[in-house]
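Enquirer: Starting from these lines, generate the structure:
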Amino acid sequence: MLYQQLKQQLQDNRQSGASELAIETLSHLHEFLQQTDTKTSAELANIVVELSQIRPSMHAVTNALKRWLAQVITLHFNGEFRLHYLKQLADIRVLLIQASDHVVGHACQLIQPGQTILTHSRSSQVLALFKMLKQQQTDFRVVVTVSAPGNEGFLVAEQLNHWQIPVSVITDAQMGKIMSDIDINLVGCDTWLADQCFVNKSGSYLQALAAKDWHKPFWVLADSFKNSDQTSKEVILEAMAADEIGCPYGAFIQPINHYFEIIPERLISGRVDENGLHPCCPN
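Expert: Below you'll find the model as predicted:
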């Protein structure tokens, strides 16, 4: 794989959640580094900086790369330097996978047989939870939003259909209307901020508001790779191409396509990370 291809795939991927994107990026980076001559620590640091800037709303990518670089800079530059930094990159990828697996295991405690679950966008950890519940023969059904623009909800529906899990697909605008029929809300997370907020696909804020109004549980699956020291005032929220909206052209029309938004912790029931369930304190 060429380095430019790696960057383009990272830039263009609109359908993978943060954890899945981080795992894929580390795999592609490992493939690229295997095919190239030995890099110096400075060259690897430049790669980390460059890749981290491509998807600023997806902090799992940045954290995984920085954890790897922190190990690399302690290595001696000798004949085994390349072997060691490739191994450590693979090890970080394993840690990402293990963190996601632990999140899913803990999240299973939240689901009771017969429940209806509402999810928005496409979280690899939420999908893995659905798969595990199916394997455990837990009876449940899912409602998923279209999650426009990008329509990741269609991918979720197709996967659930493949697993023979009952699923209803609704427009994003129907979340408030259907909330009375929902037992629990589950979403992923792209970045967990330092000021009791998190970043996720636009529409998550409206889902959280509706859940709060109907007194329905709302849990966020977010391992520690999502943690950021940025606050809601500092984080960069990615905006995508406006033509995705299909907006008509007009001299006085301004299409806006913000993919991500900030949701305050006060609206949710709690967070699930690799260490367990963490209920939020009610205000």
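
Enquirer: just the strands in this structure please.
Expert: Taking DSSP state E, the strands of the chain run over residues 115-119, 140-145, 167-170, 184-187, 191-192, 197-201, 218-221, 260-264, 270-273, 276-279.

Enquirer: any chance of those strands in a markdown table, with distance to residue 242 too?
Expert: To be clear about C-beta, it is placed using only N, CA and C from the backbone, and glycine gets the same treatment. Putting the strands of the chain into a markdown table (distance: least, Cβ to Cβ, whole Å) gives the following:
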| stretch | distance to residue 242 |
| --- | --- |
| strand 115-119 | 26 |
| strand 140-145 | 21 |
| strand 167-170 | 25 |
| strand 184-187 | 25 |
| strand 191-192 | 23 |
| strand 197-201 | 17 |
| strand 218-221 | 28 |
| strand 260-264 | 15 |
| strand 270-273 | 33 |
| strand 276-279 | 37 |
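
Enquirer: for those strands, which one sits closest to residue 87?
Expert: Residue 87 lies closest to strand 270-273 among those, at 26.1 Å (Cβ to Cβ).

Enquirer: got a list of contacts for the closest one?
Expert: Here strand 270-273 makes contact (Cβ atoms under 8 Å, 6 or more residues apart in numbering) with 99, 103, 106-107, 110, 189, 192, 198, 219-224, 265, 277-280.

Enquirer: tell me the mean pLDDT over it?
Expert: In this model, strand 270-273 has a mean pLDDT of 98.

Enquirer: quick revisit: I'd like the strands of the chain written out as TSV, with mean neighbour count and distance to residue 28 added.
Expert: Listed next are the strands of the chain as TSV, based on neighbours: other Cβ atoms under 10 Å; distance: least, Cβ to Cβ, whole Å:
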stretch	mean neighbour count	distance to residue 28
strand 115-119	22	27
strand 140-145	21	28
strand 167-170	16	30
strand 184-187	24	26
strand 191-192	26	21
strand 197-201	27	23
strand 218-221	26	24
strand 260-264	19	22
strand 270-273	21	26
strand 276-279	13	31
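
Enquirer: for those strands, which one sits closest to residue 88?
Expert: strand 270-273 (23.0 Å).

Enquirer: so how far is the closest one from its chain's centroid?
Expert: On the basis of Cα atoms, centre = their mean, to the nearest Å, strand 270-273 sits 14 Å off its chain's mean C-alpha point.

Enquirer: Adjust the sequence numbering to begin at 53 for everything that follows.
Expert: Sure, I'll start numbering at 53, so the last one becomes strand 322-325.

Enquirer: partners of it, with directions?
Expert: Here strand 322-325 is paired, per DSSP bridges, with strand 270-273 (parallel), strand 328-331 (antiparallel).

Enquirer: buried sites along stretch 145-161?
Expert: By 16 or more other Cβ atoms under 10 Å, the buried positions in stretch 145-161 come out as 145, 147-148, 151-152, 154-156, 158-159.

Enquirer: mind checking how far that stretch is from the chain centre?
Expert: Computed by Cα atoms, centre = their mean, the chain-centroid distance of stretch 145-161 equals 13 Å.

Enquirer: Ok, stretch 189-200 next?
Expert: How far stretch 189-200 lies from its chain's middle: 17 Å, per Cα atoms, centre = their mean.

Enquirer: Repeat that for stretch 169-178.
Expert: Distance, stretch centre to chain centre, for stretch 169-178: 9 Å (Cα atoms, centre = their mean).

Enquirer: measure it end to end?
Expert: Start-to-end span of stretch 169-178 (Cα to Cα, to the nearest Å) is 10 Å.

Enquirer: Using CSV, lay out the strands paired with strand 322-325 together with distance to residue 301 and mean pLDDT.
Expert: Below are the strands paired with strand 322-325 laid out as CSV (distance: least, Cβ to Cβ, whole Å; pLDDT from 0 to 100):
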stretch, distance to residue 301, mean pLDDT
strand 270-273, 38, 99
strand 328-331, 47, 98
